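*Asks:* I would like to see how this sequence folds:
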Amino acid sequence: MFKKLFGKGEEASKTIEIKAPLSGTYVALADVPDPVFAQEMMGKGFGVEPIEGTLVAPIDGEVVNVFPTKHAIGLKAANGLEILLHVGLETVAMNGEGFTTKVKAGDKVKAGDTLLTFDLELIHQKAASIISPVIITNSDVINTFEIVQTGNLQKGLTTVLKIDTH
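*Replies:* Next up, the predicted model:
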């Protein structure tokens with residue numbers, strides 16, 4: 001408890017902007033057609049219905065996890081915020097088919113850096129949905145969660161969320 005109060009000091013900003021990791025259309029998390037995401041079981045966030053097959057970093061941070069099936073990547077910001085980028089729904093069953101990763105765990109990335117590319121048409125054919133959730137997996141550190149842009153999103157450019165952490 002005292003570590004939280006008196007711990008690290010102010011080395012990283014508590015406010016972070018989350019850029020769109022995909023170009024496409026904003027989807028409210030409640031409208032993502034998967035109850036695990038829609039009911040915020042994994043955390044707060046949003047979805048994107050992508051129009052092209054490139055996933056970019058929505059923040060400056062470190063790659064903490066590249067799933068073996070290449071359909072999801074975990075990032076961590078300097079302030080400790082953890083983000084899961086999940087391409088499509090039920091894409092784990094594709095076993096990496098149609099996905100090409102450009103990063104590995106431990107890599108440092110800047111917002112807009114390409115993390116992976118994917119075959120959007122193949123996901124249309126083989127997965128439940130192309131809608132791609134962007135989840136704050138440690139939502140318990142969020143003080144304020146503000147959606148600043150909906151509608152059409154440009155990967156690496158459009159700020160979608162502004163988050164303040166404790």
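
*Asks:* wouldn't residue 100 be in contact with residue 70 here?
*Replies:* Yes - contact criterion CB atoms under 8 Å: residue 100 and residue 70 qualify, at 7.4 Å. Heads up, the C-betas are built off the backbone N, CA and C, glycines and all.

*Asks:* residue 112 contacts residue 57, correct?
*Replies:* Yes - here residue 112 reaches residue 57: they are 6.5 Å apart, a contact under CB under 8 Å.

*Asks:* identify the contacts common to these two.
*Replies:* Counting by CB atoms under 8 Å, 6 or more residues apart in numbering, the contacts common to residue 112 and residue 57 are residue 156.

*Asks:* neighbour count: those two, which is higher?
*Replies:* Applying other CB atoms under 10 Å to residue 112 and residue 57 shows that residue 57 carries more neighbours, namely 26 against 16.

*Asks:* for residue 163, name its beta-bridge partners.
*Replies:* residue 16, residue 145 (DSSP bridges).

*Asks:* whoops, I mixed them up, residue 61
*Replies:* Applying DSSP bridges, one finds that residue 61 bridges with residue 109.

*Asks:* look up how far residue 34 lies from it.
*Replies:* Note on residue 61: its distance to residue 34, by CB to CB, to the nearest Å, is 25 Å.

*Asks:* what of residue 68?
*Replies:* Distance, residue 68 to residue 34, by CB to CB: 20 Å.

*Asks:* of these two, which one has the most company?
*Replies:* Just comparing residue 68 and residue 34: by other CB under 10 Å the higher neighbour count belongs to residue 34, 17 against 10.

*Asks:* and the more buried one, what pLDDT?
*Replies:* Listed pLDDT for residue 34 reads 97.

*Asks:* can you check residue 2 too?
*Replies:* As predicted, residue 2 sits at a pLDDT of 45.

*Asks:* swap in residue 13?
*Replies:* Reported pLDDT at residue 13 in the predicted model: 87.

*Asks:* and it, how many residues sit next to it?
*Replies:* Residue 13 has 12 neighbouring residues, counting by other CB under 10 Å.
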